[in-house]
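Enquirer: need a structure here:
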Amino acid sequence: MTDLASAFSAHFAGTAIVPGDERYEEARAVWNGTVDAHPVLVAQCRTVEDIVAAVNLTRDAGVPFAVRGGGHSVAGLSTCDGGVVIDLSSMRAVTVDSKRRVATAEPGATWGDFDAATGRHGLASTGGLISTTGVAGLTLGGGIGWLQRRYGLACDNLIGAELITADGVTVRASQSERPDLLWGLRGGGGNFGIVSRFEFSVHPVTTVLGGLMLFPMDQGRNVLCTFRDWAADLPDEGSMLAAVLTAPPEPFVPSHLVGQKAVGILGCWCGDLEDGAAALEPLRRLKPAADVFGPMPYPALQGMLDAGAPAGLRNYFRGGYLSDLTDDVIDVVLEQGAAMPSPMSQIHLHQMGGAVGRVGLGDTAFSGRAAAYTYNLVSTWSDAAEDATHIAANRQLAAALAPMSQQGTYVNFLTDASGDNEIPVRAAYGDDVYERLARLKREFDPTNLFRTNLNVRPAR
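Expert: Modelled structure (predicted):
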């Protein structure tokens with residue numbers, strides 16, 4: 001790859017890092033510790049011109065490449081073996097037009113960057129649950145987050161984008177320019193090029209009611225059944241998450257519960273705080289062992305779970321959609337949740353509906369509009385020798401939930417859908433959405449240059 005390094009040295013204004021460079025190990029690292037790829041070059045971009053040059057140089061060299069924004073892809077799609085990583089993580093600027101209520105983000109921005117910039121203006125938009133997650137990857141895959149029932153998914157708030165195509169050309173997508181491309185970017189992943197600029201609608205959000213309640217596992221069935229009935233009538237202001245997790249060693253957790261499996265209710269009330277407190281009363285009557293719901297700045301809520309998701313741990317996810325938390329679903333979640341072999345593993349049940357369910361099925365490429373819940377089976381551990389144990393436990397849980405699940409999957413929770421196998425990606429989107437994405441792929445990337453992703457093949 002000497003010729004490739006020479007070409008980048010001559011024609012790339014960013015920083016090109018190759019094996020042997022003292023910066024290489026840090027440059028190749030990604031969030032998921034199970035991913036240990038060795039690219040031949042990491043192209044760290046600082047400008048749009050750098051991105052264009054990296055695409056052109058890599059394409060002309062005929063080597064594979066991956067695109068990294070925040071680097072949080074659990075499937076390891078932010079890097080590759082034997083190819084080039086086009087690294088956008090230095091491009092993190094976020095600007096806010098408070099009068100128009102529009103925020104513009106560069107492709108390496110994290111949600112922490114975004115929330116800090118918009119929060120200074122008393123504004124926000126839906127953006128995940130971990131502040132170190134990249135804006136780009138989360139949005140392009142759909143974008144579940146704490147504000148979704150009030151303001152829609154991250155992709156629903158994407159109103160414009162600039163895209164660098166396989167030819168190195170920059171095109172714009174919006175409702176008035178290439179609306180089909182905007183549709184595809186709203187959930188269709190990185191299949192069409194590299195988004196160099198994101199434009200989002202932002203909304204008045206300052207203080208929210210957020211936090212966590214914890215219950216011992218022997219209360220789990222009553223808690224989840226009560227939660228199910230309560231959440232069915234929850235106004236759009238509330239976006240909730242039920243979980244099975246291990247109670248952390250935090251000051252607010254009673255000592256007898258620390259280190260024990262527990263049921264957690266987490267959430268965000270984005271509206272009148274007194275109304276939110278009143279809405280929580282049915283859950284509080286269940287007498288949680290810990291309850292730290294309270295008013296907080298929205299950016300603080302966004303960082304509330306960061307400590308549980310540091311870079312470098314080993315991760316494996318599976319996900320799916322549910323029409324309801326039926327008794328059978330609750331039984332599986334509690335039984336298998338109690339048996340999770342790692343104290344860092346969790347089961348998340350994200351409440352959908354509200355504004356998410358009111359977006360038309362044909363308005364975005366996101367496939368889960370009809371779901372009442374999206375589940376994420378989060379297996380996390382630290383010892384590579386235990387990989388098989390934790391992956392097998394996750395797959396067993398996924399198999400138990402599969403007969404109770406709707407068709408489709410939230411693509412940001414897919415771990416095994418890379419390479420040449422299109423079946424998981426097609427199944428995640430459903431045939432109609434996948435075929436429309438494939439036609440769009442043929443228009444913008446007919447040779448499938450952008451294929452280190454949850455890949456949609458160009459239509460024939």
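Enquirer: On the pLDDT front, check D420 for me.
Expert: On pLDDT, D420 comes in at 62.
Enquirer: And for D416?
Expert: You'll see D416 listed with a pLDDT of 81.
Enquirer: just T2 next, same as before
Expert: At T2, the pLDDT value in this model is 73.
Enquirer: what's the neighbour count on it?
Expert: If you count neighbours by other C-beta atoms under 10 Å, T2 ends up with 7. Heads up, the C-betas are built off the backbone N, CA and C, glycines and all.
Enquirer: so how far is V40 from it?
Expert: 10 Å (C-beta to C-beta, to the nearest Å).
Enquirer: One more: R395?
Expert: Counting by C-beta to C-beta, the gap from R395 to V40 is 33 Å.
Enquirer: repeat for G128
Expert: 31 Å.
Enquirer: Tell me which of the two has more neighbours.
Expert: Using other C-beta under 10 Å as the criterion, G128 and V40 rank with G128 on top: 28 against 19.
Enquirer: ok, that one - contacts?
Expert: Going by C-beta atoms under 8 Å, 6 or more residues apart in numbering, G128 touches 111, 138, 143-145, 154, 302.
Enquirer: which element is W230 on?
Expert: helix 220-231 (DSSP states H and E).
Enquirer: ok, residues contacting that helix?
Expert: With contact meaning C-beta under 8 Å, 6+ apart, helix 220-231 is reached by 215, 238, 240, 242, 244, 263, 265, 282-283, 286, 324-325, 327, 330-331, 333-334, 351.
Enquirer: Mind checking which of the residues you listed are in helices?
Expert: Counting by DSSP state H, the contacts of helix 220-231 place 282-283, 327, 330-331, 333-334 in helices.
Enquirer: Surely L377 and A398 touch.
Expert: Yes. Using C-beta atoms under 8 Å, L377 is in contact with A398, at 5.8 Å.
Enquirer: Overlap of the contact sets of those two?
Expert: Taking C-beta under 8 Å, 6+ apart as the contact rule, L377 and A398 both touch R318.
Enquirer: With neighbour numbers in mind, choose between these two.
Expert: Taking neighbours as other C-beta under 10 Å, L377 and A398 compare with L377 leading, 26 against 18.
Enquirer: so that one, which of the three states?
Expert: Of the three states, L377 takes strand under DSSP: H, G, I helix; E, B strand; the rest coil.
Enquirer: what sits against it?
Expert: L377 makes contact with 317-319, 347-348, 394, 397-398, 401, according to C-beta under 8 Å, 6+ apart.
Enquirer: Show the pLDDT at it.
Expert: As predicted, L377 sits at a pLDDT of 98.
Enquirer: Ok, R460 next?
Expert: Per-residue pLDDT puts R460 at 88.
Enquirer: got it, and D97?
Expert: For D97, the model assigns a pLDDT of 98.
Enquirer: What count of nearby residues applies to F293?
Expert: By other C-beta under 10 Å, 21 other residues sit near F293.
Enquirer: any idea how far it lies from G276?
Expert: 8 Å.
Enquirer: Between these two, which contacts overlap?
Expert: In contact with both F293 and G276: L209, using C-beta under 8 Å, 6+ apart.
Enquirer: Would you mind giving both backbone torsions of S196?
Expert: phi -100, psi -10 (degrees, to the nearest 10).
Enquirer: Now do the same for it: its pLDDT.
Expert: Per-residue pLDDT puts S196 at 98.
Enquirer: ok, it touching L163?
Expert: Yes. Counting by C-beta under 8 Å, S196 sits close enough to L163 to count as a contact (7.1 Å).
Enquirer: Spit out the residues that contact those two alike.
Expert: Common contacts of S196 and L163 (C-beta under 8 Å, 6+ apart): T170.
Enquirer: What helix or strand is the most centrally placed residue in the chain located in?
Expert: In the chain, the residue lying closest to the centroid (C-alpha atoms, centre = their mean) is L138, at 3.9 Å. In this structure, L138 is located in helix 135-140 according to DSSP H and E.
Enquirer: Averaged pLDDT, that helix. What do you get?
Expert: Helix 135-140 shows a mean pLDDT of 98.
Enquirer: Against which helices or strands is that helix packed?
Expert: Using 3 or more C-beta pairs under 8 Å, 6 or more residues apart in numbering; DSSP states H and E as the contact test, the elements touching helix 135-140 are helix 111-119, strand 194-201.
Enquirer: Adding distance to L57 and mean neighbour count, write the ones you listed out as CSV.
Expert: CSV is the format used below for the helices and strands packed on helix 135-140 (distance: least, C-beta to C-beta, whole Å; neighbours: other C-beta atoms under 10 Å):
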stretch, distance to L57, mean neighbour count
helix 111-119, 28, 23
strand 194-201, 14, 23
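Enquirer: As JSON lines, these with distance to R178 would be great.
Expert: Below are the helices and strands packed on helix 135-140 laid out as JSON lines (distance: least, C-beta to C-beta, whole Å):
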{"stretch": "helix 111-119", "distance to R178": "24"}
{"stretch": "strand 194-201", "distance to R178": "13"}
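Enquirer: can you tell which of those is closest to G76?
Expert: Smallest distance to G76 across the helices and strands packed on helix 135-140 (C-beta to C-beta): 18.1 Å, for strand 194-201.
Enquirer: Next secondary structure after the closest one?
Expert: Following strand 194-201 toward the C-terminus (DSSP H and E): strand 203-204.
Enquirer: can you give me the offset of that following strand from its chain's centre?
Expert: For strand 203-204, the distance from its own C-alpha centre to the chain's C-alpha centre is 22 Å (C-alpha atoms, centre = their mean, to the nearest Å).
Enquirer: Give me the below-cutoff pLDDT ranges for the stretch 1-150 of the chain.
Expert: In the predicted model of the stretch 1-150 of the chain, residues 1 satisfy pLDDT under 70.
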